[in-house]
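1. sequence unknown, structure follows:
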């Protein structure tokens, strides 16, 4: 187990180190125009603005990367310990170990967010003075409120850096994990008929590495950026009010304390989870996690009530209105999580209906899953609309922003329940590869099934907070650019809305296609190893997992470039080329369509995954619709389709809309007051940059990696190689047994030769060898 865990950790470290090398170059390249623009056009009139915002940008990127690295290290240390606990001490202890590993990550991300923002808010207040004006006032200090406004403006760079790294980490990690997952499943489970996480499969280690770099490291950077963005949005809308600027920082602090209290209530009793019934086990585990989140939420509300009552002396009624906004945001987050759980847990009707749809084949599984994913948008959207309307009525734009902070106030424990899932998934993989008893895998599968639900819940929670944060950032952008009225009947604004609504679909398409391309490369490598490594199919020799890890690493990093370019350059092109009104429309359109698409994809993918696990957990025989049956195979197809939905495209969309808002807010002081098309020539620079990026990506990635024209083995041909029962009895077919004893390539050559001989006989070109005049002799 230790050897397997070391391979997984080394693979995850290798990926992140390679990814961070590329991101380091991006940070350097992005810092150059950032420092130049803010030095030439300083918002405060001080030339040091360029240095300040660039330092914050680099710091935000560094903290975001650190959050992802910490999460990965913790997860790869906790996975093997969870397996050991499941083998020696049972479900309760395994659950505590997995949740403990997730808790370390949750508190690390929340702590880094609070520390980084607080530190740089203080640093950005140092050395602020009046620039220009009367000569005798050149060295006069600004009022403290003005100093805070300038400091918060610089913090936008911190958010820009955090969002950039989060997007690349989420996209690259998501492509890695799903490419490895799809590659491992399609060749191993479908083509070779070997179990999931079987050590003979060369892509299994890469699959487990993907859980850590995508679902843990990418998620850590994602939620770090989400918390940072919500605080910056609230502080920006505070307009120099010291109490309003400090309130989100206080909420973050007391939220961490509340989560500590919540973690102490998480746990299973000795009788909990003892049932062999899958639904009963899942319910016990889910309730154990819910105790922690509910306790943390109650404590956070109590602490926030104390803060709001003391922080707003002389305007207590306004303070209590803000408390109501915080409470509404927090409660809305909990309800969104519950709604997401309803649509993705196999304890409820939506997932069970997908399983039932499997009786008529994979097509109906996909149709049912898509329908349930679309339907899941309804409760989340209605809750968000109610939250926005109520908070706006109570405290205006700032009320909406502080509701987003309230929703994320218990981030530490929510992230703990989210990270717990990949740890449990890895634990199951280690148990399978180490050939432990089936009872161990049953325990880890029970943990993993709940982990799928908590992961989907976390994604819904993240999307909800992203919408509120993006709306607040959009409001801040409007204020900074002096766009007073946004008229949808204005062709310029409507054009921006249409382009913004299109971008999430373009982004999702690029990431989905990237998964397909990367998975194809892994599939070819796995097939090659089964063909060329003697004894691999029989378990007599070991697979070369390093090749699959290298392919997944390189492919995912190459494929993250184009989506990242569109996310960063689209607001720059529209803002500089057309103007702030069109950019306002772009942001509004992207928020609306991105939210719907993200909820649908995340929930549909989670539902497909748990529909498959629902069948596997029931323990029914194959002929009764259990594992290996046609119903199960149909749900496996749905799960494969849903993998990039829930772990690549869906989760990255909430970062997309926040990153675009953060980029727009970063350039807001520069384009403030511009009329439509007034300085269109500035927009030619990002257009040229996007075109150059496409050219370089095509030349050095897609062109160099194009197919070499070799004839590839088809899935239909592979089907003849699999070991399948004979139609008349349960014994293994003789032809399939013969196929097993020879390499795949030889088997296919023998099959094609036989087919050729049959065709020649039918054409009278090959006849009886005993006939001396047979034309077959000439052949």
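-> Right, received. Where do you want to start? If you're wondering where the values come from, they're calculated on a predicted model, not measured in any experiment.
2. Tell me the gap between the strand or helix carrying residue 439 and the middle of its chain.
-> Under DSSP states H and E, the secondary-structure element containing residue 439 is helix 438-481. Distance of helix 438-481 from the chain centroid (C-alpha atoms, centre = their mean, to the nearest Å) equals 9 Å.
3. now stretch 495-502
-> Chain-centre distance of stretch 495-502: 24 Å, with C-alpha atoms, centre = their mean.
4. rewinding a little: helix or strand next in line after the helix holding residue 439, which one?
-> Proceeding N to C from helix 438-481, the next assigned helix or strand is helix 491-532, under DSSP H and E.
5. what packs against whatever helix or strand comes next after that following helix?
-> Sequence-wise, the next helix or strand beyond helix 491-532 is helix 545-559, with elements assigned using DSSP H and E. Counting by 3 or more C-beta pairs under 8 Å, 6 or more residues apart in numbering; DSSP states H and E, the packing neighbours recorded for helix 545-559 are helix 2-40, helix 144-184, helix 204-212, helix 491-532. (Glycine included, C-beta is placed from N, CA and C.)
6. out of the ones you listed, deepest packed?
-> For the helices and strands packed on helix 545-559, ranked by mean neighbour count under the definition mean count of other C-beta atoms under 10 Å, the leader is helix 204-212 at a mean of 31.
7. what's next to that one, contact-wise?
-> With C-beta atoms under 8 Å, 6 or more residues apart in numbering as the contact definition, helix 204-212 has outside contacts at 4, 7-9, 11-12, 15, 72, 75-76, 79, 173, 176-181, 183-184, 188, 197-198, 422, 425-426, 429-430, 433, 522, 543, 545, 548-549, 551-552.
8. just the angle between the helix or strand that that helix is followed by and helix 438-481, please?
-> Towards the C-terminus, the helix or strand next in line after helix 204-212, according to DSSP H and E, is helix 219-237. Between helix 219-237 and helix 438-481, the angle comes out at 30 degrees (axes from the mean of the first three to the mean of the last three C-alpha atoms, to 10 degrees).
9. counting contacts, what elements does helix 219-237 pack onto?
-> Helices and strands in packing contact with helix 219-237 are listed as helix 49-88, helix 91-124, helix 144-184, helix 242-263, helix 377-407, helix 411-433, helix 438-481, helix 650-671; criterion 3+ C-beta pairs under 8 Å, 6+ apart.
10. which element is residue 696 on?
-> Under the assignment given by DSSP H and E, the secondary-structure element containing residue 696 is helix 684-697.
11. separation between the closest residue to residue 61 other than its chain neighbours and residue 553?
-> Leaving aside its sequence neighbours, residue 61 sits nearest to residue 161 (C-beta to C-beta, 6 or more residues apart in numbering; 3.6 Å). Relative to residue 553, residue 161 is positioned 23 Å away (criterion: C-beta to C-beta, to the nearest Å).
12. ok, residue 320 - contacts?
-> For residue 320, the contact set (C-beta under 8 Å, 6+ apart) comprises 308-309.
13. do residue 303 as well
-> Contact analysis of residue 303 by C-beta under 8 Å, 6+ apart lists 254-255, 257-258.
14. do that again at 7 Å, thanks
-> 254, 257-258 (C-beta atoms under 7 Å, 6 or more residues apart in numbering).
15. So it belongs to a helix, correct?
-> Yes - the assignment for residue 303 is a helix, going by DSSP: H, G, I helix; E, B strand; the rest coil.
16. where in the stretch 251-400 of the chain is pLDDT low?
-> Judged by pLDDT under 70, the stretch 251-400 of the chain has its weakly predicted residues at 269-280.
17. which residues of it fall in strands?
-> Under the criterion DSSP state E, counting those that start in this stretch, the stretch 251-400 of the chain contains no strands.
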